[in-house]
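Participant: My questions are about this predicted structure, shown below with the sequence.
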Amino acid sequence: MQELTADAAIELRGIDKSFGSVHAVRGVSVRIERGSITGIVGENGAGKSTLMSILYGLYRADAGEILVDGRPVEMASPRDAIGHGIGMVHQHFMLVDSFTVLENLVLGAEGGALLARGLAAARTELARLARDYGLTVDPDARVADLSVGEQQRVEILKVLLRGARILILDEPSAVLTPQETDRLLQILRVLRDRGVTVVLITHKLREILAVTEKVIVMRRGEVVAERRTADTNAEDLAELMVGRKVRFDLDKAPARKGETLLAARHLSLVDGRGVRLLDDISLEVKAGEIVGIAGVSGNGQTELLQVLSGIRPPSGGEFEACGRKVDATHPVDPAEMRDLGVAHVPEDRLRQGLVPAFLASETSILGYQDREPFCHNYILDGPAVGKYCADLMERFDVRPRTPGLLSSSFSGGNQQKLILAREMARDPKVLLVGQPTRGVDIGAIEFIRRELVRSRDAGCAVLVVSVELEEILSLADRILVMFAGRIVGEVAAGQADERTLGLMMAGARAA
Amino acid sequence: MEEALSLVTATLAATLRVATPLVLCAMGGLFSEKSGILDVGLEGKMLMAAFFAAATASLTGSAWMGVGAAILAAEVLALLHGFACITHRGNQVVSGIAINILAMGLTVVLGAAWFGRGGQTPPLTGTERLNPIFFPVAGDNILVYGALLAVPFTWWLIARTRFGLRLRAVGEVPLAVDAAGISVSWLRYRAVLLCGLFAGLAGAYLSIAQNAGFSRDMTAGQGFIALAAIIFGRWRPVPAFGACLAFGLLDAIAIRLQGVRLPGVGEVPVQLIQAMPYLLTLFLLAGFIGRTVAPKAAGVPYEKEP
Ligand SMILES: Nc1ncnc2c1ncn2[C@@H]1O[C@H](COP(=O)(O)OP(=O)(O)OP(=O)(O)O)[C@@H](O)[C@H]1O
Ligand SMILES: [Mg+2]
């Protein structure tokens, strides 16, 4: 027994944590083996992030014990965790945008009251880490100018620079492109081979199967299973997570296309510095079909959705939605688009989809707040809104089903479901969706995709933007590929495969 | 020619005299705002400090005791602000306004009770005041030099030290500071205390260096002008210093032009010149300065577990 405990880098015993009435973690006991990669999977709101925040000292557990290297320790603050060699890369990055990479790296470990020496030492150390682990990043770049993948590398470097022996990553790949994800997994393998213990939280079973030795499955605050990765597979894990069988294939009937509801002709968008973000985009979406836009993030998809939803006016060209023509001289605002029946689920849900400080019930009518039955004569009807939200939560399985809870208190996946529910419940004619299942668990992915197909079958014109190829392939009836602000190719769903699409996304091939 | 030269030097000296409390206040405010704590209460801290400086100097006969009392008084208010905004996560603007009102009332009430001169302190003379060091006419007392030194000191502390790095970080992303194992509250308390120190010096300057005693509401909005200078300077010490000098110059010119008739213009509208700092601030805030340069977390209480 003594021996067993000794080679556990971390052991959690009976950890319990509630937020008010929400029992987030219920008596969890797990062991993380030294020098291995352990995966944690589970539905949205299962308590994964909370558990890791407790281990990192950000939250205090209500009950339970934490052992590091077999000795019980007190984790009152991140300082304690760092002292015990634990480092964490958070789901939401903890970087100061206006600082340089180097300044971010030394924050909290400056090596003396004056900065100069610490910065110089960090620079040398950074060069060594770049050599050892292949983690390269420009030390003098401002973090705000880095891509998401690079920012994440800075987070990992920050942890390594402090000499962490235990690395926790919370959904590190949620915002990464497939290529960046592959690099990350490669880095994790190198770290493990050098003796670092890694804990990886993710919704992507492919990553779990690719790099972990052991998987811990959580559901509703409890650990429901532990498996050696070698003894399990995706179906098995999905079933453990959700508590029922999950269908990975989406069966949908062939599209029954109707009239064209959304058509863009030669759309372009130029930003203040003269950079061409969208270049000569022409596309059509008909009632009853799902058009998927594939592409590595940052190739104009975000901007395309912003233009089509009325957030930004186009610089050139025009588009027509539900009979309304829009061009540079006849711009439209998002409220009018909504009135026309164009619903938009933005890809950045925290900033554009909801107000974190609003109640869930308020989030559930955001943008529709001036309509019956939510509002009579300029006065909001609280009970009606609450009841409507409760209905939506029931239909879209948002957990916990508490309309009176702050939107920020919901886990990422549940926030997403709430926003989708808001936009889809109004039976829109055109539905624009950005990253429908980013950060969402498998059960919910299955559900959201089925709902999108149901909207399609009800005659809605659906435009889906996603960086997940697999998502585009399973959802779309027609696939457009974007690269550098242009549409570089179109493929019918039946004829597409990951390889050709991948090449087109990289700008290597046009169709 | 000689006359013109002396006019220029006199105006410059006046500029420096008027700008000194602004500079001290602005440097103090910078520390607070950089850490994410808005400080609308600069005015109140300065007023309270001015009162205690004059009262103590008059009672003890020592200008230095006055300076000490000024700092102490400003620090008490600074701690009050910190207690409300950092420990209890209160609204920073409300707390700042409350401090201004408190200082306005308390200085008058205490002044009336202690000295019975309608809120004024007895006039100060000799060693009760901080006197000019080299040029008696220019009024170059030690706090003027102090203000000039405060600028490079502030710059150095913010740009070149560990404390400064953490200060900048906590004003932008407090969660990152917390996650790095640094106490957000302690860091912000230190910033607020530094702010109190500088506001205290500014107050002492007003009542025992520039003037010879305290009179009610003698700060006359200079705390707010200092805030405007911070915004002008985009939260950077050296440009903020420049803004303070510019405001001081406008004021010095306004005083010079008092009652002067210019050919073609007639009597110079002094009020207009005096209103310039405020007008400039409004104008620049409305258009030229994007909101993005302010510390991102300024005004937002830090809560990690709601
Ligand atoms: N600060 C908080 N206040 C109130 N409730 C919270 C808070 N943080 C988390 N919760 C609740 O605790 C539960 C667990 O949340 P947690 O973020 O740990 O889930 P998760 O497993 O990380 O989910 P996801 O995969 O969506 O990130 C959820 O029901 C969530 O709503
Ligand atoms: Mg999470």
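Facilitator: That came through fine. Ligands and ions are numbered 1, 2, ... in the order given.

Participant: Would you indicate which residues of the helix ranked longest in chain A are buried?
Facilitator: When chain A is parsed with DSSP state H, its longest helix is helix A:115-133. Of the residues in helix A:115-133, A:Leu115, A:Gly118, A:Leu119, A:Ala121, A:Ala122, A:Leu126, A:Leu129, A:Tyr133 count as buried by neighbour count, 16 or more other CB atoms under 10 Å in any protein chain shown. Yep, even glycine has a C-beta here, placed from its N, CA and C like the rest.

Participant: how about it, does it get close to chain B?
Facilitator: Yes - Helix A:115-133 is in contact with chain B by CB under 8 Å from any CB of the partner chain, via A:Leu115, A:Ala116, A:Gly118.

Participant: Repeat that for stretch A:72-85.
Facilitator: Yes - contact of stretch A:72-85 with chain B (CB under 8 Å from any CB) involves A:Ser77, A:Pro78, A:Arg79, A:Asp80, A:Ala81, A:Ile82, A:Gly83.

Participant: count of residues packed around the last one?
Facilitator: If I follow you right, that is A:Gly83. A:Gly83: 15 surrounding residues under other CB atoms under 10 Å in any protein chain shown.

Participant: ok, and B:Arg175, which helix or strand is that part of?
Facilitator: If you look again at residue B:175, you'll see it is Leu, not Arg. helix B:174-179 (DSSP states H and E).

Participant: And the average pLDDT for that helix is what?
Facilitator: Mean per-residue pLDDT for helix B:174-179: 90.

Participant: who touches that helix?
Facilitator: A:56, A:58, A:77-78, A:88, A:90, A:94-96, A:104, A:107-108, B:36, B:166, B:169-170, B:184, B:187, B:297, B:302, B:304 (CB atoms under 8 Å, 6 or more residues apart in numbering or on different chains).

Participant: Which ChimeraX command selects the buried ones in those?
Facilitator: Here is the ChimeraX command that selects the buried residues among those (16+ other CB under 10 Å):
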select /A:56,58,77,78,88,90,94,95,96,104,107,108 /B:36,166,169,170,184,187,297,302
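
Participant: Which of the contacts of helix B:174-179 fall within helices?
Facilitator: Per DSSP H, the subset of the contacts of helix B:174-179 in helices is A:Pro78, A:Asn104, B:Arg166, B:Ala169, B:Val170, B:Val184, B:Leu187.

Participant: Now distance to A:Ser364 too, for the residues you listed, in JSON lines please.
Facilitator: Formatted as JSON lines, the ones in helices among the contacts of helix B:174-179 follow (distance: CB to CB, whole Å):
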{"residue": "A:Pro78", "distance to A:Ser364": "35"}
{"residue": "A:Asn104", "distance to A:Ser364": "37"}
{"residue": "B:Arg166", "distance to A:Ser364": "40"}
{"residue": "B:Ala169", "distance to A:Ser364": "36"}
{"residue": "B:Val170", "distance to A:Ser364": "35"}
{"residue": "B:Val184", "distance to A:Ser364": "33"}
{"residue": "B:Leu187", "distance to A:Ser364": "38"}
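
Participant: Can I get those in CSV including distance to ligand 1?
Facilitator: CSV is the format used below for the ones in helices among the contacts of helix B:174-179 (distance: CB to the nearest ligand atom, whole Å):
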residue, distance to ligand 1
A:Pro78, 16
A:Asn104, 24
B:Arg166, 25
B:Ala169, 22
B:Val170, 21
B:Val184, 17
B:Leu187, 23
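
Participant: Next, format the residues you listed as JSON lines and append distance to A:Ser29 and pLDDT.
Facilitator: Below are the ones in helices among the contacts of helix B:174-179 laid out as JSON lines (distance: CB to CB, whole Å; pLDDT from 0 to 100):
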{"residue": "A:Pro78", "distance to A:Ser29": "23", "pLDDT": "88"}
{"residue": "A:Asn104", "distance to A:Ser29": "35", "pLDDT": "94"}
{"residue": "B:Arg166", "distance to A:Ser29": "37", "pLDDT": "96"}
{"residue": "B:Ala169", "distance to A:Ser29": "36", "pLDDT": "96"}
{"residue": "B:Val170", "distance to A:Ser29": "36", "pLDDT": "96"}
{"residue": "B:Val184", "distance to A:Ser29": "32", "pLDDT": "95"}
{"residue": "B:Leu187", "distance to A:Ser29": "36", "pLDDT": "96"}
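
Participant: For the helix holding B:Leu175, buried residues please.
Facilitator: Neighbour-count burial for helix B:174-179 [16+ other CB under 10 Å]: B:Pro174, B:Leu175, B:Ala176, B:Val177, B:Asp178, B:Ala179.

Participant: now swap in stretch A:403-422 and tell me
Facilitator: Quick answer for stretch A:403-422 (16+ other CB under 10 Å): A:403, A:405-407, A:409-422.

Participant: which ones are touching the residue of the stretch 151-300 of chain B found nearest chain A?
Facilitator: Of all residues in the stretch 151-300 of chain B, the one sitting closest to chain A is B:Ala180 (2.9 Å; CB to the nearest CB). Contacts for B:Ala180 were tallied using CB under 8 Å, 6+ apart; they are A:Pro78, A:Ile82, A:Met94, A:Leu107, A:Gly108, A:Ala109, B:Ala169.

Participant: and if we set it to 7 Å?
Facilitator: Residues near B:Ala180 by CB atoms under 7 Å, 6 or more residues apart in numbering or on different chains: A:Pro78, A:Leu107, A:Gly108.

Participant: how near is the second one to B:Leu30?
Facilitator: A:Leu107 sits 20 Å away from B:Leu30, taking CB to CB, to the nearest Å as the criterion.

Participant: try the first one
Facilitator: Between A:Pro78 and B:Leu30 the distance is 28 Å, computed by CB to CB.

Participant: Check the last one too.
Facilitator: As for A:Gly108, its distance to B:Leu30 is 23 Å (criterion: CB to CB).

Participant: Surely A:Asp381 is in contact with A:Phe374?
Facilitator: Yes - A:Asp381 is in contact with A:Phe374 according to CB atoms under 7 Å; the separation is 6.0 Å.

Participant: More neighbours: these two, which one.
Facilitator: Using other CB under 10 Å, the more surrounded residue of A:Asp381 and A:Phe374 is A:Phe374, with 18 against 14.

Participant: what residue ranges in the chain are flagged as low confidence?
Facilitator: As the question left the chain open, I've gone with chain A. Judged by pLDDT under 70, chain A has its weakly predicted residues at A:1-6, A:175, A:246-248, A:506-511.

Participant: Correction: the question concerned chain B.
Facilitator: Ranges of chain B meeting pLDDT under 70: B:1, B:284-292, B:304-306.

Participant: Would you map the strands across it?
Facilitator: Taking DSSP state E, the strands of chain B run over residues B:261-262, B:266-267.

Participant: Distance to ligand 1 and mean neighbour count added to those, as a markdown table?
Facilitator: Shown next, in a markdown table, are these (distance: least, CB to the nearest ligand atom, whole Å; neighbours: other CB atoms under 10 Å in any protein chain shown):
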| stretch | distance to ligand 1 | mean neighbour count |
| --- | --- | --- |
| strand B:261-262 | 65 | 10 |
| strand B:266-267 | 64 | 10 |
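
Participant: Rebuild these as a markdown table, extending it with distance to A:Pro314.
Facilitator: A markdown table is the format used below for the strands of chain B (distance: least, CB to CB, whole Å):
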| stretch | distance to A:Pro314 |
| --- | --- |
| strand B:261-262 | 54 |
| strand B:266-267 | 55 |
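
Participant: Of all those strands, which one is nearest A:His23?
Facilitator: Of all those, the one in closest proximity to A:His23, counting by CB to CB, is strand B:266-267 (76.1 Å).

Participant: got the residues of chain B near chain A?
Facilitator: B:160-162, B:165-166, B:169, B:172-173, B:175-176, B:178-182, B:304-305 (CB under 7 Å from any CB of the partner chain).

Participant: C-alpha coordinates for stretch A:446-462, PDB please?
Facilitator: The C-alpha atoms that make up stretch A:446-462 are tabulated as PDB, following Å, rounded to 0.1, in the frame of the first residue of the first chain:
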ATOM      1  CA  GLU A 446     -24.900  14.600 -30.800                       C
ATOM      2  CA  PHE A 447     -27.900  16.600 -29.600                       C
ATOM      3  CA  ILE A 448     -26.900  19.900 -31.200                       C
ATOM      4  CA  ARG A 449     -26.200  18.300 -34.500                       C
ATOM      5  CA  ARG A 450     -29.500  16.500 -34.600                       C
ATOM      6  CA  GLU A 451     -31.300  19.800 -33.800                       C
ATOM      7  CA  LEU A 452     -29.500  21.500 -36.700                       C
ATOM      8  CA  VAL A 453     -30.600  18.800 -39.000                       C
ATOM      9  CA  ARG A 454     -34.100  19.100 -37.700                       C
ATOM     10  CA  SER A 455     -34.100  22.900 -38.400                       C
ATOM     11  CA  ARG A 456     -32.900  22.100 -41.900                       C
ATOM     12  CA  ASP A 457     -35.700  19.600 -42.400                       C
ATOM     13  CA  ALA A 458     -38.200  22.200 -41.200                       C
ATOM     14  CA  GLY A 459     -37.100  24.400 -44.100                       C
ATOM     15  CA  CYS A 460     -34.400  26.500 -42.600                       C
ATOM     16  CA  ALA A 461     -31.400  27.600 -44.500                       C
ATOM     17  CA  VAL A 462     -28.400  26.700 -42.300                       C
END
